[in-house]
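> kindly generate the corresponding structure for this input.
(2 chains)
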Amino acid sequence: MTAQTNLSATRTTGGRPGGDVSVRTGAGKLVADTWAVFTREILLVLRDPFTLIFSLLQPLIFLGLFGPLLTGAVGGFGGGTPGGGGSTADTLQWFVPGVIVMISLFGTSMSGSNLLYEMMTGSYERVLATPLDRSAILVGRALKEFAPLVVQGLLIAVVCVPFGFTLYPLHLLVGLLLLGLFGVGVGALSISLALAAKNREWLFWGVQQSLLFPLLILSGMMLPLEAGPAWMQTAAMFNPLTYIVDAERALLAGSLVDTDVLWGFAAAALTCAVGLWVGIRRTRRTT
Amino acid sequence: MSTVIRARGLTKTFHRKSETVEAVKGIDVDVREGELVAFLGPNGAGKSTTLRMLTSLLEPTAGTAEVAGYDVTRHPAHVRSQIGFIGQGNGGGFSYRVLDELHNQGRFYGLGSAEYSRRAAELLEALDLGGLEKRTVQSLSGGQRRRLDVALGLMNHPPLLFLDEPTTGLDPHARANLWEHIGAMRERYGMTIVLTTHYLDEADDMAERVVVIDHGEIIADATPSELKRDHSDDLVTLVVAPGSAGGAPSGTDLLPDDEATLRTALASGDGEVRTDGAVAADGARTVRISTAHGDTRLPEAIEALRVAGFAVRSAELRQASLDDVFLNLTGRSLREEAA
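The predicted structure follows:
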């Protein structure tokens, strides 16, 4: 709210007959506009708590069903978990970061689907017809994905503590920040995909799904890649998600100063930059 | 009166694969403050494309447009702050609550919270949306949704409002209701209104000026009555029988039943007279007069025929419509295309 209040003070009063809305300019406008778009997006989540509750439950169910299977299996692969053993605690320490990354990828890669709907019904056009900064229309929407992510991540980590998961609060927060950076990039790419797909919903889902699963599997998120063939490990090296997952594992295991973390931030920053660049260009061009 | 829209050579060309579509071909149009202008034309004529260029939503391929004092290509954000735009779809997000969307819209225009709350309350009241604040947009009726679109378009109190096919898909009752509200809002805020429509009666009844667009070009631009006067005729149809009743001369030997007599009787008035070759068993025949002033020509003709000894069995006046105008200008009926 502070950004908004500051800006209304710098607004000059409109001089044109009948029009009493003036146009803000500069960086202040970008921040205020992004905040306005973000507020609209987040209202949707706040007004519909059921969606929020289900989106919180889903990863927990996943964790509860997948975790026990992995407890046996990962030990068998050997060397997959940091401890190398097969205890629940070790599995969680290895698996929780993966699940947190996974839900962030699921959520952010679908952020374009909402836009598809809004393009179809016409409300996106109404937003475009306002003086909002074009970049803010994209960034505000992509940022919205970050907020539920923090809540989901925290909840998962806390729920796992009684089962032997060691929680390092500061490290977790840094980890969520990293995911946020990455998530905004993926969100922006998903929105770009929706803008390109326009009314062809099947195209959006087709591309989203066929990219999502290879990325997931080739990041070693759910199953350790060490057990896979060499080509998979090579492919994983070119997957930005691999570095995110590795960084999250390092962070949640309690190491902050780590080359994995550094690489993770580099991959996240790169994804974010590419996403925003593509997204802003798309937003400007699509009307 | 000052000019709020000045477009010169406005052109839009779309490239789809190897095909080039000239949607708008160099339109020149001026709109003065306070006017209510309708862009009329069949689907695909270029009305919406023109509107989207004037609202800065679509960049022109060539030409310029100055809207509300700003160039649409160089200062699109300034143009957007001065106008309201109601598109073909629904402006309100379907999953959102009515009041939330109005407040969101206020934030999009950089209004403070006290100001946007006040405006939202005022517009809800004025557009008969009171009590629907917490309803989601998707639960509203078509008419309510459209009124919310108008409310959203007026949150910045624009001096110039654009409406793209505002009443398409509404039932006649909701259409009339929406027009009542648009009229009231226009009076309240003193707005200039530009809209597109393919409903002929709507353009005829509501617009003070009609710009007829076809194949990306303006083919006529005038008030509805001027258009009808210049580009189409009223049609007077009379069924005339040999005199016997009323003021007909007595006796039956002098029946003026031949075409020449009929034509002579009608020659003093204006318009083109056509007679049917077919004559009914009782000698009645149909006479048609195309004229610019059907309302005065009709009684004149009846009187002239009576004096000449004819009996007028029936009389019908069909006044010119904008469809006749379109038909005369293009050789096609707009009514068929709209259906």
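> identify the residues contacting the residue in the stretch 1-150 of chain A that chain B sits nearest to.
Of all residues in the stretch 1-150 of chain A, A:G122 sits closest to chain B, with a separation of 1.8 Å (C-beta to the nearest C-beta). (C-beta placed from N, C-alpha, C; glycine too.) A:G122 sits next to B:G87, B:Q88, B:G89, B:N90, B:G91 when contact means C-beta atoms under 8 Å, 6 or more residues apart in numbering or on different chains.
> B:A260: neighbouring residues, count only.
Neighbour count for B:A260, taken as other C-beta atoms under 10 Å in any protein chain shown: 8.
> of the contacts of A:G122, grab the buried ones for ChimeraX.
If you want just the buried ones from these in ChimeraX, going by 16 or more other C-beta atoms under 10 Å in any protein chain shown, the selection is:
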select /B:87,88,89,90,91
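> using JSON lines, lay out the contacts of A:G122 together with distance to chain A and secondary structure.
What follows is the contacts of A:G122, written out as JSON lines (distance: C-beta to the nearest C-beta, whole Å; DSSP: H, G, I helix; E, B strand; the rest coil):
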{"residue": "B:G87", "distance to chain A": "5", "secondary structure": "coil"}
{"residue": "B:Q88", "distance to chain A": "7", "secondary structure": "coil"}
{"residue": "B:G89", "distance to chain A": "2", "secondary structure": "coil"}
{"residue": "B:N90", "distance to chain A": "5", "secondary structure": "coil"}
{"residue": "B:G91", "distance to chain A": "4", "secondary structure": "coil"}
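> related to what we said a few turns ago, how much space between the residue of the stretch 1-150 of chain A closest to chain B and B:Y96?
The spacing between A:G122 and B:Y96, counted by C-beta to C-beta, to the nearest Å, is 13 Å.
> likewise for B:T296?
From B:T296 over to B:Y96 (counting by C-beta to C-beta), the distance is 56 Å.
> go on, B:D234?
Counting by C-beta to C-beta, the gap between B:D234 and B:Y96 amounts to 50 Å.
> what do you get for A:W35?
Here A:W35 is placed at a distance of 17 Å from B:Y96 (C-beta to C-beta).
> now B:L57
B:L57 sits at a distance of 21 Å from B:Y96 (criterion: C-beta to C-beta).
> give me phi/psi at B:A23?
Geometry field for B:A23 lists phi and psi as phi -70, psi -40, criterion degrees, to the nearest 10.
> number of residues surrounding it?
21.
> check the one 5 residues further on too.
B:D28 has 12 neighbours, counted by other C-beta under 10 Å.
> what do you get for the one 4 residues further on?
Under the neighbour criterion other C-beta under 10 Å, B:R32 is assigned a count of 14.
> that one against B:L160, yeah?
No - with the criterion set as C-beta atoms under 8 Å, B:R32 and B:L160 do not qualify as a contacting pair; they are 11.1 Å apart.
> so how far is chain B from A:T271?
A:T271 sits 28 Å away from chain B, going by C-beta to the nearest C-beta, to the nearest Å.
> quick one: contacts for A:W205?
Under the criterion of C-beta under 8 Å, 6+ apart, the neighbours of A:W205 are A:S113.
> and for A:V245?
Applying C-beta under 8 Å, 6+ apart, the residues near A:V245 are A:P97, A:G98, A:V101, A:S219, A:G220, A:M221.
> in helices only, show me those.
Counting by DSSP state H, the contacts of A:V245 place A:P97, A:G98, A:V101 in helices.
> nearest residue to the second one in space, please, no chain neighbours.
Which is A:G98. Closest residue in space to A:G98, ignoring its immediate chain neighbours: A:M221 at 4.3 Å, by C-beta to C-beta, 6 or more residues apart in numbering or on different chains.
> circling back: settle it for me: which of B:T296 and B:Y96 has more neighbours?
For B:T296 and B:Y96, the more surrounded residue by other C-beta under 10 Å is B:Y96, and the numbers stand at 20 against 13.
> hang on, that one packs against B:R135?
No - contact criterion C-beta under 8 Å: B:Y96 and B:R135 do not qualify, at 10.1 Å.
> what segments of the stretch 101-250 of chain A are helices?
Ranges of helices in the stretch 101-250 of chain A, per DSSP state H, counting those that start in this stretch, are A:111-121, A:123-128, A:134-144, A:146-160, A:169-197, A:201-217, A:230-237, A:240-252.
> any chance of these in JSON lines with mean pLDDT as columns?
Converted to JSON lines, the helices of the stretch 101-250 of chain A look like this (pLDDT from 0 to 100):
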{"stretch": "helix A:111-121", "mean pLDDT": "90"}
{"stretch": "helix A:123-128", "mean pLDDT": "94"}
{"stretch": "helix A:134-144", "mean pLDDT": "89"}
{"stretch": "helix A:146-160", "mean pLDDT": "84"}
{"stretch": "helix A:169-197", "mean pLDDT": "92"}
{"stretch": "helix A:201-217", "mean pLDDT": "90"}
{"stretch": "helix A:230-237", "mean pLDDT": "85"}
{"stretch": "helix A:240-252", "mean pLDDT": "91"}
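> residue ranges for the strands of the stretch 201-339 of chain B, please.
Taking DSSP state E, counting those that start in this stretch, the strands of the stretch 201-339 of chain B run over residues B:209-214, B:217-222, B:234-242, B:272-275, B:285-291, B:310-318.
> need the winner for burial among the ones you listed.
strand B:209-214 (a mean of 23; mean count of other C-beta atoms under 10 Å in any protein chain shown).
> and it, what does it pack against?
strand B:36-40, strand B:217-222, helix B:224-231, helix B:322-330 (3 or more C-beta pairs under 8 Å, 6 or more residues apart in numbering or on different chains; DSSP states H and E).
> now for those, which one comes closest to chain A?
Using C-beta to the nearest C-beta, the helices and strands packed on strand B:209-214 put strand B:36-40 closest to chain A, at 15.4 Å.
> so where's the stretch 201-339 of chain B shaky on pLDDT?
Judged by pLDDT under 70, the stretch 201-339 of chain B has its weakly predicted residues at B:243-258, B:336-339.
> cutoff 80 now
When the per-residue scores of the stretch 201-339 of chain B are filtered using pLDDT under 80, the ranges that remain are B:242-261, B:269, B:276-283, B:334-339.
> pick the most buried one from the helices and strands packed on strand B:209-214.
With neighbours taken as mean count of other C-beta under 10 Å, these reach their highest mean count in strand B:36-40, at a mean of 24.
> helix or strand next in line after that one, which one?
Next in sequence after strand B:36-40, counting helices and strands by DSSP states H and E, comes helix B:47-54.
> show residues contacting the helix or strand that that following helix is followed by.
The C-terminal neighbour of helix B:47-54 among helices and strands, as given by DSSP H and E, is strand B:62-67. Contacts of strand B:62-67 with the rest of the structure, by C-beta under 8 Å, 6+ apart, involve B:4-11, B:26-27, B:53-56, B:71-73, B:79, B:82-83, B:160.
> which members of those are positioned in strands?
Taking DSSP state E, the ones among those that sit in strands are B:4-11, B:26-27, B:71, B:83, B:160.
> the most centrally placed residue in chain A and B:H198, how far apart?
Nearest to the mean C-alpha position of chain A, counting by C-alpha atoms, centre = their mean, stands A:G183 at 2.5 Å. Distance, A:G183 to B:H198, by C-beta to C-beta: 45 Å.
> and what of B:L227?
Counting by C-beta to C-beta, the separation of B:L227 from B:H198 is 16 Å.
> same question, B:G41
According to C-beta to C-beta, B:G41 and B:H198 sit 7 Å apart.
> show me which of those two is the more surrounded one.
When B:G41 is set against B:H198 and neighbours are counted by other C-beta under 10 Å, the residue ahead is B:G41, at 29 against 19.
> please name the bridge partners of the closest residue to that one other than its chain neighbours.
Once its chain neighbours are removed from consideration, B:G41 has its nearest residue in B:I213; the separation is 3.9 Å (C-beta to C-beta, 6+ apart). Under the criterion DSSP bridges, B:I213 forms beta bridges with B:I218.
> among the helices of the stretch 101-250 of chain A, which is nearest B:G110?
helix A:134-144 (11.5 Å; C-beta to C-beta).
> who are the packing partners of the closest one?
The elements that helix A:134-144 packs onto, with contact taken as 3+ C-beta pairs under 8 Å, 6+ apart, are helix A:26-47, helix A:111-121, helix A:169-197, helix A:259-285.
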